[in-house]
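Asker: following is a predicted model, sequence given first.
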Amino acid sequence: MVEFEKIIVMEAEYPEGNPCAAESTPLPLQTVSPTVSDDISVPAIPGEATVNGMGPPTREQSDEAAPRTGSPEQAGEAPRTKLCGYLSKLGGRLKNWKSRWFAYEERKCQLFYYRTAQDVNPLGRIELTNATFGYPLQADKGTFHIQTPERTFILKAVNQEAMMYWLQQLQLKRWQNRERPVGEPAQTCADNEEDFLPTVKTPTGLVGEEAACLPAPQLHATLRNVSFKHPLTEIQNSVHNLRLSCSSQELTPCVSNSESSTQRSQDTPVPLHTMLLSETVRRTLTLSPTLRSNKKKSGSSATMPADRRQLGADRTSRLQHEVLSLAEEVKAQKELVWLLHKALEAAQQEKRTCTQFLAAEGEQERLELLRHRERHVADLGSQLEALRGQREALQRGLTQRDSHIAELQEHVQLMMEKNHAKQEVILKLSEQVGARAADPQRAPDAQAQQWEELENVKDDIEAYKIQSKFLNSEIHQLTQLWRNSSEQGKSLMVKCAYLEAKNCQVESRYLGVLRKLQENKGLDSVQQAAVKRLIEEALQGDVNDVLKLNPVREYDEYGFKIIPDYEVEDMRLLAKIQALEIRSHNLLQQEAGDRSLLGRWSQYLSGRPSDELAASPELKVLLRAGVPREHRRQVWRWLVRARTLSLRERHPQRYQQLCRKSQTSQHPASRQIQLDLHRTLTSNQRFSSPSNPAVQQLHRVLLAFSWQNPTIGYCQGLNRLAAIALLVLQNEEEAFWCLVAVVETIMPLDYYSKNLIASQVDQRVLKDFMVEKMPRLMAHFEEHNVDVSLITFNWFLVVFVESLASDILLRVWDAFLYEGTKVIFRYALAFFKYKEEDFLKIHENVEIYQYLRFFTKTISDSRKLANIAFNDLNPFPMKLLRSRRALHLERLQAELSELERIQEEFVTESAERKDKDLDDDEDA
């Protein structure tokens, strides 16, 4: 008993069940089954079975249950074949054919499939609302496809005729479901059959209820047809079939033996809801004797005369109307009872409240009770407001749905008009065909002409098929040829780049030999003249003329020149050698390195929002290696936002406010900003002309920052910092916040003040580190009286802008925005370490200073430079950097105080000396 009840509960997951199981099963269906479940009671009147003791079905329930009864005569419809039958379905991990019973559910426009026709729970369903149908020509006969947005179902009918019948019926069902308004039943086949092709005849014994009586197709293997994917459903169906079999053997099929039923009910305890259900059925039978007698008579209505049959039909319709009226009245009475029940509950609640209030002993308890009720009222008020908001939201959704329905109705109207036009064309063509067929003289000739045209059309179709196959093969071959030529072109470009790089290396070595010969003092005058002539010839040729085949452009993506120009006249030979080395390195290393780095960054950023990057050791390593151009803007935006988050949250419209203030008020530094605009990145394409939009954006950013930080206002060098931010971030507001992050959060305090005291401190700290890390080079500089701070001061102030090649500069900034000023020290030391041997070869003060001006631009190997900065110079703790800064800051402040005291004494002495001179003049 418990087992069967569990199965019945699980069957409720598919309330429809097998639409054809109750009609087509060969097992006898019993009306009373107390041994299985007492929740179902079937009265004598057809169509009024009650389920789970919930009373007689409503009108909606009766309408929904009608398609499952399989008796269209009960609803007043003409009998038609149900769309159901056995089909083979391709599925499973082994992709084999399994026989399944398919049944169409018209109310939901779904095709359910079962293992057999007697099963109740389906193995699955196919949603036909958005499905498409088709059949391949090369597959087995009877094979067709049903493609839904989720998957494709491959089915196979017994023969071609059955396949075409299924396809046509499925198309018709889909059309009826889409054309059917909400809440109305689907149209019959006869309503819309003129809109489709002529219907295929129903295959006898293969489709419909007749097919359910036939045994299921047998497969070779015994367990091949069992669905191992749905074991629970298989068990439920087996138990259900076993239950029906046992019921058919133990119980009688008639319902007239009321005495035995009454005796069993007395022996077995009956639940309360079952007793109420039986009483409701009894009253219904008592109230509607006329209806019951009319239904008994309806079975013999076929033999009655036409007038009596019409009278019976009118009486039946009247009685049905009365039944519907009574059902509506009962429904209204139920609503009234429900309202009275609610009013009674409210009165009882009020009575209990008054009782509690009167039972309270003191005023304090009554006051507390009143406060509790007030809080409760306030809570109910808030809930009421929330419900009102939900109601408004639902009303808005309903309005949107109404508008959508109106649009769909307009679309349906257009489609109906289009169909009407097509029908008129079909009627005209039909009239023409009929007229030709009516003419006996022209009929044979017309028929022969039609056969001839038909043969011509067949020949054309075959020709088009052959042509289509040929064109497909041609497209395939051309695609392969294009891919091969593309790969060959790429390989040739790589080979050309490799040869060009080797040529640059050879030319660089040749110029290096000429330079050594020029420095050699042992050559006679003729040899020196020959060397001088060779050097002049080498310098006259332009490097870009030699490298025209090079795929690398003259300018990079940010507008910087890939090979920078050199202005040092005395070092032209050395500059050209370094330019050739840069060119050779870019050709050999850039593409492979960029691809590897791009892959690492793409893997790191995959699945992460742009504003949710988290600081981590992995991110630190990637930033030190550099950010690819494709991701640099996104990463910089996150780095800037992380450093200015609190300020931007307090002032979300800060930049717009400062821009408006710049338009209404003139800042004292606006003239200096205007002068420096035309000196900013003059070698960059985007700042080379005053009319470029980037120049105007830079002007607005600098003016906004001057109002943002009145202490600094504007300092020379800020224009270059803002220009780099504009080139990368491509947004002036983001560039403004990047400038704020660099000046106010990354750089130390007073770095851009009037006395630049923090910048001077960093130069002294850099010299200390150079003495520790490169003692030979610092001794060489001291020997030739070279002060590197004359060059490095500008490096620190503008973070190497216009001092490095663009690709190395941006990689320095990638790490600088994340780690801070320690990166500047690392790279400054790495530059000198990279070129230490070259500096040691120069033994004149002027030449050293000349080389210091441009040697950073000759560095081409960014990987080697980063390895020196972050590996060879270790350890480089931040704690040591802070202590050195504090030490030199204290010393510098003391020196400045001493200098100010000396200046004051000098001013005082000068004033006293002037007064004394004036006194002497007066005495004279």
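Answerer: Structure's in. What do you need?
Asker: where's the nearest residue to Y751 once chain neighbours are set aside relative to Y114, distance?
Answerer: Of all residues not flanking Y751 in the chain, A758 sits nearest, at 4.2 Å (CB to CB, 6 or more residues apart in numbering). C-betas here are computed from N, CA, C, even on glycine. As judged by CB to CB, to the nearest Å, A758 and Y114 stand 83 Å apart.
Asker: give me the more crowded residue out of these two.
Answerer: Taking other CB atoms under 10 Å, A758 and Y114 do not tie; Y114 has more neighbours (25 against 19).
Asker: confirm for me that the more buried one is in contact with A103.
Answerer: Yes: assessed by CB atoms under 8 Å, Y114 is found in contact with A103 at 7.2 Å.
Asker: circling back: the residue nearest to Y751: which element?
Answerer: Per DSSP states H and E, A758 falls inside helix 757-773.
Asker: quick check: the residue positioned nearest the centre of the chain vs I868, distance?
Answerer: Ranked by distance to the mean C-alpha position of the chain (CA atoms, centre = their mean), the top residue is G607 at 10.0 Å. Applying CB to CB, the value for G607 to I868 is 34 Å.
Asker: just checking, what packs against the biggest helix by length in the chain?
Answerer: Longest helix in the chain, counting residues (DSSP state H): helix 442-519. Applying 3 or more CB pairs under 8 Å, 6 or more residues apart in numbering; DSSP states H and E, we find helix 442-519 packed against helix 363-438, helix 525-540, helix 572-605.
Asker: could these go into TSV alongside mean pLDDT and mean neighbour count?
Answerer: As requested, these are exported to TSV (pLDDT from 0 to 100; neighbours: other CB atoms under 10 Å):
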stretch	mean pLDDT	mean neighbour count
helix 363-438	89	11
helix 525-540	77	12
helix 572-605	68	17
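Asker: any chance of those in CSV with distance to W636 as columns?
Answerer: Formatted as CSV, the helices and strands packed on helix 442-519 follow (distance: least, CB to CB, whole Å):
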stretch, distance to W636
helix 363-438, 41
helix 525-540, 40
helix 572-605, 13
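Asker: do you know which of these lies nearest P203?
Answerer: Between P203 and those, the shortest gap by CB to CB is with helix 363-438, which sits at 27.4 Å.
Asker: helix 442-519 and the closest one, what's the angle between them?
Answerer: Helix 363-438 runs at 120 degrees relative to helix 442-519, counting by axes from the mean of the first three to the mean of the last three CA atoms, to 10 degrees.
Asker: ok, F736 - how many residues close by?
Answerer: 28.
Asker: wait, Q176
Answerer: Neighbours of Q176 using other CB under 10 Å come to 18.
Asker: phi and psi next, for it.
Answerer: The phi/psi pair for Q176 (degrees, to the nearest 10) reads phi -60, psi -40.
Asker: just E361 next, same as before
Answerer: Per-residue torsions, E361: phi -80, psi -40 (degrees, to the nearest 10).
Asker: which residues touch it?
Answerer: Listed by CB atoms under 8 Å, 6 or more residues apart in numbering, the contact set of E361 is empty.
Asker: got the CA coordinates for stretch 776-793 in CSV?
Answerer: Extracted in CSV, the C-alpha atoms of stretch 776-793 (Å, rounded to 0.1, in the frame of the first residue of the first chain):
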residue,chain,number,x,y,z
ARG,A,776,83.5,51.5,-10.6
LEU,A,777,81.1,53.7,-12.6
MET,A,778,80.7,56.3,-9.8
ALA,A,779,84.5,56.5,-9.4
HIS,A,780,84.8,57.0,-13.2
PHE,A,781,82.2,59.9,-13.0
GLU,A,782,83.9,61.5,-10.0
GLU,A,783,87.3,61.2,-11.8
HIS,A,784,85.9,63.3,-14.7
ASN,A,785,83.8,65.6,-12.6
VAL,A,786,80.4,64.3,-13.9
ASP,A,787,77.3,65.1,-11.9
VAL,A,788,74.6,62.6,-13.1
SER,A,789,71.8,64.5,-11.2
LEU,A,790,71.9,67.1,-14.1
ILE,A,791,70.4,64.4,-16.2
THR,A,792,68.6,62.1,-13.7
PHE,A,793,66.7,65.0,-12.1
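Asker: okay, now the unreliable bits of the stretch 451-600 of the chain?
Answerer: The stretch 451-600 of the chain contains residues with pLDDT under 70 at 539-554, 562-595.
Asker: distance of D140 relative to Y113?
Answerer: 19 Å.
Asker: who's more crowded, these two?
Answerer: Shown here are D140 and Y113; by other CB under 10 Å, Y113 has more neighbours (22 against 9).
Asker: which residues pair with the more buried one across the strands?
Answerer: F102, G124 (DSSP bridges).
Asker: ok, it touching F102?
Answerer: Yes: between Y113 and F102 there is a contact under CB under 8 Å: 4.8 Å.
Asker: for these two, list the residues in contact with both.
Answerer: L87.
Asker: hmm, L90 is touching N96, no?
Answerer: Yes: in this structure, L90 is within contact of N96 by CB under 8 Å, at 7.4 Å.
Asker: name the residues of stretch 740-760 that are buried.
Answerer: Neighbour counts over stretch 740-760 (16 or more other CB atoms under 10 Å) mark 740-744, 746-748, 750-752, 756-760 as buried.
Asker: before we move on, what about stretch 681-690?
Answerer: Here stretch 681-690 shows L681, N684, Q685, R686, F687 as buried, counting by 16+ other CB under 10 Å.
Asker: quick check: chain neighbours aside, which residue is closest to the third one?
Answerer: Spelled out, it's Q685. G559 (3.8 Å).
Asker: residue contacts, that neighbour?
Answerer: N684, Q685, R686, F687, L727.
Asker: reformat the residues you listed as TSV; add pLDDT, distance to G397 and secondary structure.
Answerer: Below are the contacts of G559 laid out as TSV (pLDDT from 0 to 100; distance: CB to CB, whole Å; DSSP: H, G, I helix; E, B strand; the rest coil):
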residue	pLDDT	distance to G397	secondary structure
N684	87	54	coil
Q685	86	53	helix
R686	88	50	helix
F687	88	53	helix
L727	94	48	helix
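Asker: farthest-separated two in those residues?
Answerer: Q685 and L727 (10.1 Å).
Asker: make CSV from the buried residues of stretch 681-690 and add distance to H240 to it.
Answerer: Formatted as CSV, the buried residues of stretch 681-690 follow (distance: CB to CB, whole Å):
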residue, distance to H240
L681, 83
N684, 81
Q685, 80
R686, 78
F687, 82
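Asker: which of those sits closest to E734?
Answerer: R686 (16.0 Å).
Asker: please name the residues that touch the closest one.
Answerer: If you count contacts by CB under 8 Å, 6+ apart, then R686 has Y558, G559, N692, A694, L727 around it.
Asker: at 10 Å instead, please
Answerer: 555, 558-560, 692-695, 697-698, 723, 726-727 (CB atoms under 10 Å, 6 or more residues apart in numbering).
Asker: for these, which ChimeraX command selects only the ones that are buried?
Answerer: Restricted to buried positions by 16+ other CB under 10 Å, the ChimeraX selection for those reads:
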select :558,559,560,694,695,697,698,723,726,727
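Asker: out of the contacts of R686, name the ones that lie in strands.
Answerer: With DSSP state E as the criterion, strands contain none of the contacts of R686.
Asker: related to what we said a few turns ago, the residue nearest to the centre of the chain and Q320: what is the separation?
Answerer: On the measure of CB to CB, G607 and Q320 end up 63 Å apart.
Asker: residues in contact with stretch 605-619?
Answerer: 600, 604, 622, 630-631, 633-635, 637-639, 641-642, 818.
Asker: circling back to that earlier point, between the contacts of G559, which sits nearest L790?
Answerer: Scanning these for proximity to L790, where the rule is CB to CB, the winner is N684, at 25.0 Å.
Asker: residues contacting that closest one?
Answerer: 555-556, 558-561, 692, 694, 723-724, 727, 802, 806.
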